[in-house]
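J.: Have a look at this prediction, sequence included:
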Amino acid sequence: MGLFNFFSKNKEAQKETLDKGLEKTKESFFGKLTRAVAGKSKVDDDVLDNLEEVLVTSDVGVDTTLNIIERIEARVARDKYVGTSELNHILRDEIAQLLTENNTTDTEGFTISSDQRPYVIMVVGVNGVGKTTTIGKLAWQFKQAGLKVMLGAADTFRAAAVEQISIWGERVGVPVVKQQMGADPASVAFDTLQSAVANNADVVLIDTAGRLHNKKGLMDELSKIKRVMQKVIPTAPQDVMLVLDGSTGQNAFEQARQFTAATEVSSIAITKLDGTAKGGVVLGISDQFKIPVRYIGLGEGMEDLQPFNSREFVNSLFG
C-alpha cells in the first residue's frame, strides 16, 4: 500500500497548497528574471550572465545554475535565435528535464509492501529544521492510510526532544517508545523495534539527535543505532530520511553535505518552504545530491507535508 493513495483523493487541495506555498519564491524569482531581461529582446551573453545571477541568488546553487546555463546556451546555439519572451518556457523545460535525468522525479512518498513490515525510517537532521514535526505529520499520514505506526524517541540528548515527540504521539494517537534523558539512543531504537515486531506495527519512525557534533561522532552514533536495530530486523532501517529547513537556503546544502558524508541518506524532506523566497533550494538539492526529495513542507497543517513530485513542483513554480 503506497502512502500516495492518501493524497490521490486530495489532488486539487494539494495543488492549491503547493501554489500557495511557493508564492514568495515565485514572486522573488520572476521579479529578478523580469529585471534580468529588461530592455532585451534576445537571449544573449548579457541575459545569460544576468540569468546566472538570478538562479544563484534564488538558492538554486552554483553547480546546478551552471548546468542550467549550459543547457540554455546549447539551446540558443541550436535554435540560432531565442527571444527573451521564450525564456520562461525554456527554463521550465530545462529544469524539468534536469530533474528527470537525475532520477529525482515523482517519488510520491513511501510505498510500503506487506513483506517489508515493519518498515523502519530513521530520521536525521539538525535541531530546528522541523524534524520531529515531520515525524509527527508522517505518522498521522501513515495512520490515515490505514497503517499501524510506532515512534521511537532516540533523541535522548535533549529532554525537550523526548517531550516533543511524546506530544506528537498523543496528538496523532500512536505509541511512543522512550527512555530517560541521556539514555543510549541505540537502546531506545532496539526497544522500539522489539515492541514494533511484538505489536505487528507496519511503520516505525525513529527520531535521532539533532546536534551536528564532529563528523566521526555523528557517524559512530548513527552507525551504532543501525547496527543495534539490525539485531531485531536485519534489513532496518529501510530508509534514512534527512530533514532540511528550506528557508535556510545555502545552509541546507551544507547540512546535506555533512549528513550524507556521515551516513547513508536515502531520502530527503525539505521543510518550511511556505513563507520563504528560497524554494529554489529544492532544485539544487535534488540535482546535486542525487538523493530522492521525498517530501516538501508547505505549511503547518498535517496535509501540508506533501510527497514531492518534481513535474508538479516545476509547473507550480512557473505557473
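T.: Cool, the structure landed. Residues are numbered from 1 along each chain as shown.

J.: what's the closest non-adjacent residue to I285?
T.: A256 (5.9 Å; CB to CB, 6 or more residues apart in numbering). Yep, even glycine has a C-beta here, placed from its N, CA and C like the rest.

J.: Distance of that neighbour relative to V243?
T.: Per CB to CB, to the nearest Å, A256 is found 10 Å from V243.

J.: Please apply the same query to V228.
T.: V228 sits at a distance of 22 Å from V243 (criterion: CB to CB).

J.: Between those two, point out the one with more neighbours.
T.: V243 (26 against 19; other CB atoms under 10 Å).

J.: so what's the residue lying closest to that one once chain neighbours are set aside up against?
T.: Leaving aside its chain neighbours, V243 sits nearest to G125 (3.7 Å; criterion: CB to CB, 6+ apart). The contact partners of G125, by CB atoms under 8 Å, 6 or more residues apart in numbering, come to K131, G210, L242, V243, L244, Q255, F259.

J.: per-residue confidence at K40?
T.: On pLDDT, K40 comes in at 85.

J.: That one belongs to a strand?
T.: No - counting by DSSP: H, G, I helix; E, B strand; the rest coil, K40 is not part of a strand but coil.

J.: What's the local residue count around it?
T.: Close neighbours of K40, defined as other CB under 10 Å, add up to 14.

J.: on that earlier part again, now the one helix or strand the residue nearest to I285 maps to: mean pLDDT?
T.: Counting by DSSP states H and E, the element that carries A256 is helix 250-262. Averaging pLDDT along helix 250-262 gives 90.

J.: Stretch 237-245 too?
T.: 96.

J.: What are the boundaries of the helices in the stretch 201-319 of the chain?
T.: Assigned by DSSP state H, counting those that start in this stretch, the helices in the stretch 201-319 of the chain fall at 215-229, 250-262, 281-289, 310-318.
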